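Participant: coordinates only, sequence not included:
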């Protein structure tokens, strides 16, 4: 493993994991040779992935800041990945020190870094749940030990849904997200980003094939397919849009000059 000779119990180093591949793209050191191998193959097929990883991080920061400034004080981030500063809790608690944040991920390497995640403000709370997004009952039960699910929560699944199928015999990602939203109080928010083939079909298609060959499901979605995740919710302006364009700040405007980022993003409120 890059940066460490020890392998933590429960970590499968025989096959790549999306969180560790993403970590390599962001310049992190918490990945294994199998992750780097897949990350390099995908980068060769689709050079936009580095821009996409950075753009996703900036979108998360803008979206969290937006809902925090609107009064949200509870956050549930699923598919957290390996910590990259600023983390979600740092953004949320930078707006409201009393904010409560729960992270959830299914990779044991993230658990190993939970101590870094847990350094929040004294006024707030920052906790980590080791659970899979598909295990909604366990995840919500454990998150509910920190968050009051009777009050609004911002649910963040940034760059996660493209790893989930929409086959009723498989993941049924639409049903999964409906179940999460149904469990949240009115006034809650859903924060999403998702890879699409709409903007760069050939490169994204090659990247998706590399993921699948590496044993990771990968499902780019069209604008219409991604927009379905927000059915029944009130989209915040500017709606569903390529990730650089969602309430861009100067850094995002400058990044657009680097080229296409084939990722859609959106934030919506539960009425």
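Facilitator: Nice, I can see it. Keep in mind that what you see is a predicted model, and the values were worked out from it rather than measured.

Participant: For burial, what's the neighbour tally of the residue lying closest to residue 65 once chain neighbours are set aside?
Facilitator: Leaving aside its chain neighbours, residue 65 sits nearest to residue 91 (5.6 Å; criterion: Cβ to Cβ, 6 or more residues apart in numbering). Yep, even glycine has a C-beta here, placed from its N, CA and C like the rest. By other Cβ atoms under 10 Å, the residues close to residue 91 number 19.

Participant: Now for residue 91: which residues touch it?
Facilitator: By Cβ atoms under 8 Å, 6 or more residues apart in numbering, the residues touching residue 91 are 60, 61, 64, 65, 68.

Participant: Would you point out the most distant pair within those residues?
Facilitator: Within the contacts of residue 91, 60 and 68 form the most distant pair, 12.0 Å apart (Cβ to Cβ).

Participant: between the two, which one's more packed in?
Facilitator: Applying other Cβ under 10 Å to residue 60 and residue 68 shows that residue 60 carries more neighbours, namely 23 against 20.

Participant: List the contacts of that one.
Facilitator: Contact analysis of residue 60 by Cβ under 8 Å, 6+ apart lists 88, 91, 156, 158, 191, 193.

Participant: Strands - which of those residues land there?
Facilitator: 156, 158, 191, 193 (DSSP state E).

Participant: what sits against the third one?
Facilitator: Going back to what we said before, that points to residue 191. Here residue 191 is in contact with 60, 63, 64, 67, 154, 155, 156, 157, 158, 267 (criterion: Cβ under 8 Å, 6+ apart).

Participant: So which of these is the closest to residue 42?
Facilitator: Among the contacts of residue 191, residue 158 lies closest to residue 42 (Cβ to Cβ), at 18.2 Å.

Participant: picking up where we left off before, narrow the contacts of residue 191 to just the buried residues.
Facilitator: The neighbour count (16 or more other Cβ atoms under 10 Å) marks 60, 63, 64, 67, 154, 155, 156, 157, 158, 267 as buried among the contacts of residue 191.

Participant: Which two among the residues you listed are spaced furthest apart?
Facilitator: Using Cβ to Cβ, the buried ones among the contacts of residue 191 span at most 14.0 Å, a distance reached by 67 and 157.

Participant: Do a quick rundown of the helices in the chain.
Facilitator: Assigned by DSSP state H, the helices in the chain fall at 18-25, 33-45, 49-69, 88-95, 108-112, 114-117, 136-143, 173-183, 201-213, 223-227, 250-256.

Participant: For residue 164, find the nearest of those.
Facilitator: Shortest distance between residue 164 and those, using Cβ to Cβ, is found for helix 173-183: 4.0 Å.

Participant: could you give the angle of the closest one to helix 136-143?
Facilitator: Angle of helix 173-183 versus helix 136-143, following axes from the mean of the first three to the mean of the last three Cα atoms, to 10 degrees, is 40 degrees.

Participant: and helix 173-183, how far from the chain's centre?
Facilitator: Remark: helix 173-183 is offset 16 Å from the chain centroid, using Cα atoms, centre = their mean, to the nearest Å.

Participant: mind listing what's buried in it?
Facilitator: Buried residues in helix 173-183, counted by 16+ other Cβ under 10 Å: 173, 174, 176, 177, 180, 181, 183.

Participant: From what I see, the fifth one and residue 136 are in contact.
Facilitator: Yes. Taking contact to mean Cβ atoms under 8 Å, the distance of 6.3 Å between residue 180 and residue 136 places them in contact.

Participant: list residues touching both of those two?
Facilitator: By Cβ under 8 Å, 6+ apart, residue 180 and residue 136 have no common neighbours.

Participant: Could you dump the contacts of residue 91 into JSON lines and include pLDDT?
Facilitator: JSON lines is the format used below for the contacts of residue 91 (pLDDT from 0 to 100):
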{"residue": "60", "pLDDT": "97"}
{"residue": "61", "pLDDT": "97"}
{"residue": "64", "pLDDT": "98"}
{"residue": "65", "pLDDT": "98"}
{"residue": "68", "pLDDT": "98"}
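
Participant: which one of those residues is nearest residue 37?
Facilitator: When those are ranked by distance to residue 37 (Cβ to Cβ), residue 60 comes first, at 26.8 Å.

Participant: measure the closest one to residue 185 for me?
Facilitator: 22 Å (Cβ to Cβ, to the nearest Å).
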